[in-house]
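**Student:** I would like to see how this sequence folds:
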Amino acid sequence: MPTKCPRHNCGRYQPFYFLLAAFRNFDAQIIIQCCLQTNYVATLYIRIMFKLILSLFLICSTLLVNAQHPPIFPAMTTDSSFVKVSNLDITLVKYSYKPNGIKFLVVHDNEDTGVKAGFDYIRWSGGELIDSQYGGVRDYYFTYMDDQYRIDPNAIYTEVGVKTRLKKDFFSSNEVEKAILNAGKQIVDFYDPKATGYFLTLHNNADGGFGISSYLPGYDLASTADSVYINFQMDGDDLVYVTEPRLFSSLKKANVNVILQSKFVSNDGSLSVYAMQNNIPYINVEVQHGHLDENLRLIELAIAALKEHGLVKKE
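**Tutor:** Here you go, the predicted structure:
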């Protein structure tokens, strides 16, 4: 004897039961048997509804990704540039309010404390911030010719860095490396350090995983640093990283954790290495996730150091 429709005890299929089953845990066998009793029109109806719901879900997901960091006040304007690496879409969003020569760059899409601190600075003092948006994660993930790839967005600015830090299958295409290098070039061009006069980046880290002590003798990044100054009253995860001695001296006088990059630093493809190779002053404000007030304080000190040495070109 055929199973009846579970709600009406009839032999007819009600199209919405297939959707209700996902939420009310109807017996799967009952639902399938109901489906078998439907005609072509009802089946077609379900297919159309399923496609419609799936399309709406994908559209909403896309909007959420693209609107990760909306302008925080009406007077702030935006401009965008689009970068594509195989099947990975990267949106560079430039937020502006009273441009004054101060420009921030955020290359990781999961470091929102830096973005918020940058917004706070711009709200009160004016400036611009370029934010990389590609799904709320740290690394770039993409495929090319069915091969999987992964790379840190702060390793894509030199050819040596891409070759050594690209995580890939044994067999891969050189076209991928070219595409990644081109993405790095597009990011640099959109920031335009020649016009700005410097790089000012914002990064965040996790509690205890990376900090000022990482650059001390005997630790992982010791060879990266020429000089290290530590304020032991500060959290070790909050620091400033620079490529020029004059910026290091200014921030040391300000009594904050600061690292001067070595001239003999290994070529890891990072923006600080690219900046040093091209004689562009570089300053990175890095704090632990959630340290918003300290992030803003270090931003203000970093900008003061840039201004002290005439590196900010007023627009």
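**Student:** surely residue 122 touches residue 128?
**Tutor:** Yes: Residue 122 is in contact with residue 128 according to C-beta atoms under 8 Å; the separation is 7.3 Å. Just so you know, the C-beta spots here come from the backbone N, C-alpha and C atoms, and that holds for glycine as well.
**Student:** touching both of those two, which residues are there?
**Tutor:** Counting by C-beta atoms under 8 Å, 6 or more residues apart in numbering, the contacts common to residue 122 and residue 128 are 95, 96, 97, 102.
**Student:** the residue nearest to the third one when sequence neighbours are not counted and residue 127, how far apart?
**Tutor:** Meaning residue 97. Using C-beta to C-beta, 6 or more residues apart in numbering and skipping the chain neighbours, the partner closest in space to residue 97 is residue 76 (4.6 Å). Taking C-beta to C-beta, to the nearest Å as the measure, residue 76 falls 10 Å from residue 127.
**Student:** now the strand or helix carrying residue 162: buried residues?
**Tutor:** Secondary structure from DSSP states H and E places residue 162 in helix 159-165. Across helix 159-165, burial judged by 16 or more other C-beta atoms under 10 Å covers 161, 162, 165.
**Student:** could you pull up the mean pLDDT of the helix or strand that that helix is followed by?
**Tutor:** Using DSSP H and E, the helix or strand that follows helix 159-165 in sequence is strand 167-168. For strand 167-168, the mean per-residue pLDDT is 88.
**Student:** so what touches strand 167-168?
**Tutor:** 147, 148, 149, 150, 151, 176.
**Student:** distance check, residue 308 against residue 247.
**Tutor:** Distance from residue 308 to residue 247, by C-beta to C-beta: 9 Å.
**Student:** please say which of those two ends up with more neighbours.
**Tutor:** Taking other C-beta atoms under 10 Å, residue 308 and residue 247 do not tie; residue 247 has more neighbours (24 against 14).
**Student:** quick one: contacts for that one?
**Tutor:** So residue 247 contacts 281, 283, 305, 306, 309 (C-beta under 8 Å, 6+ apart).
**Student:** which of the shared contacts of residue 122 and residue 128 lies closest to residue 275?
**Tutor:** residue 102 (17.0 Å; C-beta to C-beta).
**Student:** can you name the residues that contact the closest residue to that closest one other than its chain neighbours?
**Tutor:** Leaving aside its chain neighbours, residue 102 sits nearest to residue 127 (3.6 Å; criterion: C-beta to C-beta, 6+ apart). The contact partners of residue 127, taken as C-beta under 8 Å, 6+ apart, are 96, 97, 98, 99, 100, 101, 102, 103, 104, 118, 121.
**Student:** pLDDT on the strand or helix carrying the last one, on average?
**Tutor:** Pointing back at residue 121 there. For residue 121, the host element (DSSP H and E) is helix 112-125. Regarding helix 112-125, the rounded mean pLDDT is 96.
**Student:** pull out the buried residues from that helix.
**Tutor:** Of the residues in helix 112-125, those buried (16+ other C-beta under 10 Å) are 112, 113, 114, 115, 116, 117, 118, 119, 120, 121, 122.
**Student:** can you give me how far it is from the chain middle?
**Tutor:** Taking the mean of its C-alpha atoms, helix 112-125 sits 16 Å from the chain's own mean (C-alpha atoms, centre = their mean, to the nearest Å).
**Student:** one more: stretch 246-256?
**Tutor:** Distance, stretch centre to chain centre, for stretch 246-256: 28 Å (C-alpha atoms, centre = their mean).
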